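[1] My questions are about this predicted structure, shown below with the sequence.
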Protein chains: 2
Amino acid sequence: MKIRGYATLKDVAKKAGVSLATASRALNNRGDVDQTTRKKVLEAAKALSYTPNPLARGLLSGTTKTIGILVTTIQNPFYAAVVSGIEKVLAAEGYTIILCNSHEDPEAEREAIRVLLARRVDGLIIAPVQSKPDGLELLFKSNVPFVFVARYMPGVDTDYVVCDDEAVGRLATEHLIDRGHRRILFMNSRGNSSAELRQRGYEQSLAAHGISPEPSLIRTVYYHTQAEEAISAALDEGLDPTAVFCFCDEMAVGVLRVLAARGIRVPEEIAVISCDNLAFSAVLHPPLTTVDIPEFEMGVEAARILLNKIKRRKKKTTQVVFTPKLVERAST
Amino acid sequence: MKIRGYATLKDVAKKAGVSLATASRALNNRGDVDQTTRKKVLEAAKALSYTPNPLARGLLSGTTKTIGILVTTIQNPFYAAVVSGIEKVLAAEGYTIILCNSHEDPEAEREAIRVLLARRVDGLIIAPVQSKPDGLELLFKSNVPFVFVARYMPGVDTDYVVCDDEAVGRLATEHLIDRGHRRILFMNSRGNSSAELRQRGYEQSLAAHGISPEPSLIRTVYYHTQAEEAISAALDEGLDPTAVFCFCDEMAVGVLRVLAARGIRVPEEIAVISCDNLAFSAVLHPPLTTVDIPEFEMGVEAARILLNKIKRRKKKTTQVVFTPKLVERAST
DNA sequence: TTGTAGGCGTTATCAG
DNA sequence: CTGATAACGCCTACAA
């Protein structure tokens, strides 16, 4: 018994009147233990509410039964859902989750990875801030298995679970073009694979319809909370878009807010489309047209892949790409 | 060097040509170490990218630098914000967060507490599912410091950070009554302090205005995702409310969805008010009148109190109660 | 079937 | 200033 009052195996052994080894065997159903002895040990353990110390165990096994999760911010319901999916799978297997947020900052991401590895996590699930491996040598050199989720690094051989972001970009842009829009303001994120691929999809669709891309119509919004300033600035500059394509529903909220404040009607004067299809998007004013991405399922899948890596120690990487789906509502 | 490739202190000592003890002292700036020796050790450590194994450290110190967080679900942006607040404070102090979700299930809550304590967390921050300590003997008997957040257990001497939920109930109800409503459907949660206190506030306000409470107008919704069924059922039963008071913005989303689907105008036919003031509530259709609760700040405060408990080992409990604020918008 | 002993990686104590 | 050595709590050969 120490400060915190946790009983140790020694306490159990003493109470049961057996040796440490026997107590351990009895509790772990290991080797041959006399039924009576086992019972005595189990009773002693129960009486002392004994729980094995995971630190001692981990020290010996080189395993922590702990998984690090690193997303941009859990305040974005998109990642909250991803994390929930991961958690569902991992908790069932006795793993515990350590959560970190990068806030889209490469420096913070690197630091979080350092912390997580220093904690000796058994694996990592990461939504990488950037689409290049630069700066993450620590991650790639470690032998700790990891899976990218939502975003990945094209051209780098890793496990990942994403959705087809080029299709996302095309789906949204085509939809707007079909509705007669030609000046489409794209409020995009930047540096990560989703942003890059969606932009490629956007440009592909414009080209396919003979619309020449206008650089000033693509605005970078690093973090969704900056959406309001970004749309305000774009409007003040007189860019005159007839439609706005937002990187995520959270950004769309900011955009709708500003448009409402300025008395600009949606979709009559400016149409708005975005990506994610979060629960609230159906009840926004107006209900938001958005590209559905199965966040929860992506989390589930990523966790499964990671568990496989950890258990089977397999080397080959696995990639899963989900297909996005347009959900039409009143904002376009 | 073991499987995972982490260098150990032994490796560092060997490379630097000193003993384990000296290496340890050099790295921890402990005791007197010759400048030249220290430098050698630090260089060796760097070359091997040595990070102390927290399991070994923890085993010795009886500390894990790890805090358990237990909320109902991180998919509710309310708790996502609470957790973010906690994380901000804790990360700065080198603590790591282990996240668990109770999903409003007392059984799952108890199990999560068991897991967290078994993990030897240094402290816990909990949004308890129920307002009574029953079933949580494990928590109360442990000597692990904990702080309740968002919800608490009235009458039990613990640390907690909440908002004045009775005021929340009064604020919302008074507002509706002022607007002429007398049949107010209250879609409440249940069992937790927030639900109980808000209901008390609701009843106080009704009484103050001579409105006799009608039990059938209080519906229990255990989990916010069930809001749609609940409101549908209430309407089908012909309860004929002229206003709905929701336990949280997430529930209000479900309610608005159903009302919209049924072609019921808000607020003309039925007014809707709720609690939280999440970011999206300003852009719902219609913009939601809601009672603002400072979630992030509650998280920050809870984390601070917990750190104080852990560091100063003080026994006295601390209570913080935030004041809610009505935010009037178009749904009422 | 049971007990003894060694070691996982660190830190702290105590000699030297 | 430095180096053995003894814990921390657990598991597992190896002996008995």
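    Great, that's in hand. Numbers count the residues shown, from 1 in each chain, chains lettered A, B, ... in the order given.
[2] Residue A:37 - that's part of a helix, no?
    Yes: assignment of residue A:37 by DSSP: H, G, I helix; E, B strand; the rest coil places it within a helix.
[3] Show the subsequent helix or strand relative to the helix ranked longest in chain A.
    Taking DSSP state H as the criterion, chain A has its longest helix at helix A:295-312. Moving toward the C-terminus from helix A:295-312, the next helix or strand (DSSP states H and E) is strand A:319-322.
[4] Could you give me the buried positions within that following strand?
    By 16 or more other C-beta atoms under 10 Å in any protein chain shown, the buried positions in strand A:319-322 come out as A:320, A:322. (Each C-beta comes from the backbone N, C-alpha and C, glycine too.)
[5] which neighbours does that strand have in its sheet, and in what orientation?
    Strand A:319-322 has the following strand partners under DSSP bridges: strand A:159-163 (parallel).
[6] Show me the strands in chain A, by range?
    A:66-71, A:96-101, A:123-126, A:146-149, A:159-163, A:184-188, A:218-220, A:243-246, A:271-276, A:289-292, A:319-322, A:325-327 (DSSP state E).
[7] now these as JSON lines including mean pLDDT and distance to residue B:251?
    Listed next are the strands of chain A as JSON lines, based on pLDDT from 0 to 100; distance: least, C-beta to C-beta, whole Å:
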{"stretch": "strand A:66-71", "mean pLDDT": "98", "distance to residue B:251": "26"}
{"stretch": "strand A:96-101", "mean pLDDT": "96", "distance to residue B:251": "26"}
{"stretch": "strand A:123-126", "mean pLDDT": "98", "distance to residue B:251": "30"}
{"stretch": "strand A:146-149", "mean pLDDT": "98", "distance to residue B:251": "29"}
{"stretch": "strand A:159-163", "mean pLDDT": "98", "distance to residue B:251": "29"}
{"stretch": "strand A:184-188", "mean pLDDT": "97", "distance to residue B:251": "30"}
{"stretch": "strand A:218-220", "mean pLDDT": "95", "distance to residue B:251": "35"}
{"stretch": "strand A:243-246", "mean pLDDT": "98", "distance to residue B:251": "26"}
{"stretch": "strand A:271-276", "mean pLDDT": "98", "distance to residue B:251": "21"}
{"stretch": "strand A:289-292", "mean pLDDT": "98", "distance to residue B:251": "22"}
{"stretch": "strand A:319-322", "mean pLDDT": "98", "distance to residue B:251": "29"}
{"stretch": "strand A:325-327", "mean pLDDT": "98", "distance to residue B:251": "22"}
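[8] With respect to burial, which of those strands scores highest?
    Greatest average neighbour count among the strands of chain A goes to strand A:243-246 (a mean of 29), per mean count of other C-beta atoms under 10 Å in any protein chain shown.
[9] Give me the residues contacting that one.
    A:172-173, A:176, A:179, A:181, A:183-187, A:202, A:227, A:231, A:252, A:255, A:267, A:270-275, A:332 (C-beta atoms under 8 Å, 6 or more residues apart in numbering or on different chains).
[10] Go through stretch A:109-123 and flag the buried ones.
    A:109-110, A:112-113, A:115-117, A:119-123.
[11] scratch that, stretch A:9-18 is what I was asking about
    Buried residues in stretch A:9-18, counted by 16+ other C-beta under 10 Å: A:9, A:11-13, A:15-16, A:18.
[12] Could you do stretch A:45-65 as well?
    Those would be A:45, A:48, A:50-56, A:58-59, A:63-65, for stretch A:45-65 by 16+ other C-beta under 10 Å.
[13] Just the mean pLDDT for it, thanks.
    Throughout stretch A:45-65, pLDDT has a mean value of 95.
[14] cool, stretch A:15-31 as well?
    On average, stretch A:15-31 scores 91.
[15] Residue A:34 and DNA strand D: what is the separation?
    To DNA strand D, residue A:34 is 12 Å away according to C-beta to the nearest atom of the strand, to the nearest Å.
[16] quick one, phi/psi of that residue?
    The phi/psi pair for residue A:34 (degrees, to the nearest 10) reads phi -60, psi 140.
[17] ok, stretch A:10-23 near DNA strand C or not?
    Yes: against DNA strand C, stretch A:10-23 shows contacts by C-beta under 7 Å from any atom of the strand at A:18-22.
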